[in-house]
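> 3D model of this:
(one chain, ligands or ions: 1)
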Amino acid sequence: MTRIIDGKQLAAQVVDDVATEAKLFLDKHGVKPGLAVVLVGEDPASQVYVRNKIKRAEESGLNSIEHKLPADIDQNTLDQLIDQLNQDPAVHGILVQLPLPDHLDENAVINSILPAKDVDGFHPVNVGLLSSGQDAMVPCTPLGCLIMLRQVMDDLTGKHAVVVGRSNIVGKPMAALLLRENCTVTTVHSRTQNIEQICSEADILVVAVGSPEMVKADWVKPGAVVIDVGINSVEHDGAYKLKGDVDYQAVAPVASAITPVPGGVGPMTIACLMKNTLTAATQQLS
Ligand SMILES: Nc1nc(=O)c2c([nH]1)NC[C@@H]1CN(c3ccc(C(=O)N[C@@H](CCC(=O)O)C(=O)O)cc3)C=[N+]21
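The predicted structure follows:
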């Protein structure tokens, strides 16, 4: 029987654990771990995500501080806000919701966040620490994927992990994290030749490309563990449904374990943001 890895339930457990720790943190330091969420513009999807993050932060016993900025804000003003958050002792984690409007320099913003407060794990210092196998702030989505893998696998050592996608926010850090777990890691992407064949050799298949139902049953080795990072809104008969990057119906019977969409990686991403904020706060006050 295929195991369905329930991201919603697992995320609730992570949030619960964070809440317990956050309570201890509050007793010890007299402040809650603080998360600043910066949202530029009014993209409806981003607004939904940010609302969910704020809600989850409250459940986690964190203090969340939302900063909503108009879409036409200039780089200087945004830089000044980041500076102010960097210096604010009540703020332990800073998340700038991406993507930013085109006129803003995303890399400049990421680079200006103090690495210690970079709960997304996107700052080059954290990227470098993770790549060199050191303690780092690990990006929320890959961290969530790893926790899900650990639910169904005792030891990842020596497993062949294939990561589909090479984005800076998922594919690359996922590969670095799996390498740190002693997997044999292959990254494939849109220019890869024989992508299906390489995927079909994976013990662990992590897919993060943003292409609805791209991975079919014959891409998957029987018994593989499949983690679907894709969240694609697809229209069907006038209604929108969320679809992953994996053809779930076809692939699930082949896999030994699989994550659903929705209710898989998404909720874990948010839960890991809470976990990273607690970690950041603990490291800053010890
Ligand atoms: N700096 C930054 N960090 C991020 O982590 C970040 C970001 N920017 N920009 C946008 C993406 C997207 N993202 C999601 C998180 C959770 C769900 C999630 O929980 N989805 C639900 C479904 C929600 C629905 O119904 O739409 C699920 O998969 O079950 C989705 C998407 C984080 N992102």
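
> number of nearby residues for residue 247?
Other residues lying near residue 247 total 18 when counted by other CB atoms under 10 Å. Backbone N, C-alpha and C define where each C-beta goes, glycine included.

> I figured it hits residue 215, correct?
Yes. Contact criterion CB atoms under 8 Å: residue 247 and residue 215 qualify, at 6.3 Å.

> which non-adjacent residue is nearest residue 98?
In space, and not counting its chain neighbours, residue 98 is closest to residue 106: 6.5 Å by CB to CB, 6 or more residues apart in numbering.

> burial count for the one you found?
There are 15 residues near residue 106, going by other CB under 10 Å.

> Give me the neighbour count for residue 190.
Counted with other CB under 10 Å, residue 190 comes out at 10.

> now residue 236
Using other CB under 10 Å, residue 236 has 8 neighbouring residues.

> which SS class is the residue of the stretch 1-150 of the chain found nearest the ligand?
As assessed by CB to the nearest ligand atom, the ligand sits closest to residue 98 within the stretch 1-150 of the chain, at 3.8 Å. Following DSSP: H, G, I helix; E, B strand; the rest coil, the label given to residue 98 is coil.

> and it, how far is that from residue 173?
14 Å (CB to CB, to the nearest Å).

> likewise residue 283?
19 Å.

> more crowded one of those two?
Neighbour count, other CB under 10 Å: between residue 283 and residue 173, residue 173 has more, with 26 against 13.

> List the residues that contact residue 56.
15, 270-271, 273-274 (CB atoms under 8 Å, 6 or more residues apart in numbering).

> make it 6 Å
By CB atoms under 6 Å, 6 or more residues apart in numbering, the contact set of residue 56 is 270, 274.

> cool, residue 33 as well?
Listed by CB under 6 Å, 6+ apart, the contact set of residue 33 reads 22, 25, 62, 92, 277-278, 281.

> In JSON lines, list the residues you listed along with distance to the ligand and neighbour count.
As requested, the contacts of residue 33 are exported to JSON lines (distance: CB to the nearest ligand atom, whole Å; neighbours: other CB atoms under 10 Å):
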{"residue": "22", "distance to the ligand": "20", "neighbour count": "23"}
{"residue": "25", "distance to the ligand": "22", "neighbour count": "21"}
{"residue": "62", "distance to the ligand": "16", "neighbour count": "27"}
{"residue": "92", "distance to the ligand": "16", "neighbour count": "28"}
{"residue": "277", "distance to the ligand": "12", "neighbour count": "31"}
{"residue": "278", "distance to the ligand": "16", "neighbour count": "27"}
{"residue": "281", "distance to the ligand": "18", "neighbour count": "28"}
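
> Find the centremost residue of the protein, please.
Centroid-nearest residue in the chain, with CA atoms, centre = their mean: residue 141, separated by 1.6 Å.

> by contact count, what packs against the helix or strand hosting that residue?
Residue 141 is located in helix 140-152, with elements delineated by DSSP states H and E. Judged by 3 or more CB pairs under 6 Å, 6 or more residues apart in numbering; DSSP states H and E, the packing partners of helix 140-152 are helix 171-180, helix 265-284.

> make it 7 Å
Packed against helix 140-152 by the contact rule (3 or more CB pairs under 7 Å, 6 or more residues apart in numbering; DSSP states H and E) you find helix 7-29, helix 171-180, strand 225-228, helix 265-284.

> and that helix, is it in reach of the ligand?
Yes. Helix 140-152 reaches the ligand (CB under 6 Å from any ligand atom) through residue 140.
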